[in-house]
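Asks: Okay, sequence plus prediction incoming.
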Amino acid sequence: MKKVALVEDNADNRLLVQAILSDMYEIVEYETGLDALEGLKSWIPDIILLDVSLPEMDGTQVVKKIRENPAMKDVPVIALTAHAMSGDREKYLLCGFNEYVTKPIVDEKVLIDTMEKFLKAR
């Protein structure tokens, strides 16, 4: 079973992602970017779902740290964000994210298809 790190500070959003993905993937949740960076030192997932708006350290800072770690530099990181303005997707891709999925997740197929695109290559 593929491993997913879910970094999301909102409990409702974590519950929704769990409901969508738990039958297909092993999921480890982190509430903050700092917690995720600490946990990812000993557990390398196949893909990371990373909220952009996090307390203490936002998702763009977290993805930068992930890319600096040789063990994780190639792990796909998908931005999960409510930021859906024109140009946001490009901005986040330039920050080091591999892809961008907007919240709220209305169509679970979009999330699953986006993840599978990267997981098939691993």
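Replies: Arrived safely, thanks for sending.
Asks: CA atoms for contacts and neighbours, from now on please.
Replies: OK.
Asks: So residue 73 sits against residue 64, correct?
Replies: No. The criterion here is CA atoms under 8 Å, and residue 73 misses it with residue 64 at 9.3 Å.
Asks: what about the residue nearest the centre of the chain, which SS state?
Replies: By CA atoms, centre = their mean, the chain has its centre lying nearest to residue 49, at 1.4 Å. Classification of residue 49 by DSSP: H, G, I helix; E, B strand; the rest coil places it in strand.
Asks: ok, it to residue 76 distance?
Replies: 9 Å (CA to CA, to the nearest Å).
Asks: For the protein, just list every one of the strands.
Replies: Secondary structure of the chain, counting by DSSP state E: strands at 3-7, 26-30, 47-51, 77-81, 99-102.
Asks: Can you lay out the ones you listed as CSV showing mean pLDDT and distance to residue 19?
Replies: What follows is these, written out as CSV (pLDDT from 0 to 100; distance: least, CA to CA, whole Å):
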stretch, mean pLDDT, distance to residue 19
strand 3-7, 98, 13
strand 26-30, 98, 11
strand 47-51, 98, 14
strand 77-81, 96, 16
strand 99-102, 94, 17
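Asks: Make CSV from the ones you listed and add distance to residue 69 to it.
Replies: Converted to CSV, the strands of the chain look like this (distance: least, CA to CA, whole Å):
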stretch, distance to residue 69
strand 3-7, 16
strand 26-30, 18
strand 47-51, 14
strand 77-81, 13
strand 99-102, 19
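Asks: pLDDT score assigned to the most far-flung residue of the chain relative to its centre?
Replies: Largest separation from the mean C-alpha position in the chain: residue 86, at 20.6 Å (CA atoms, centre = their mean). Looking at residue 86, its pLDDT reads 87.
Asks: and if you look at residue 22?
Replies: 97.
Asks: Would you mind measuring from it to residue 6?
Replies: 11 Å.
Asks: So for those two, which sits in the more crowded spot?
Replies: Taking other CA atoms under 10 Å, residue 22 and residue 6 do not tie; residue 6 has more neighbours (25 against 13).
Asks: Thanks a lot, see you next time.
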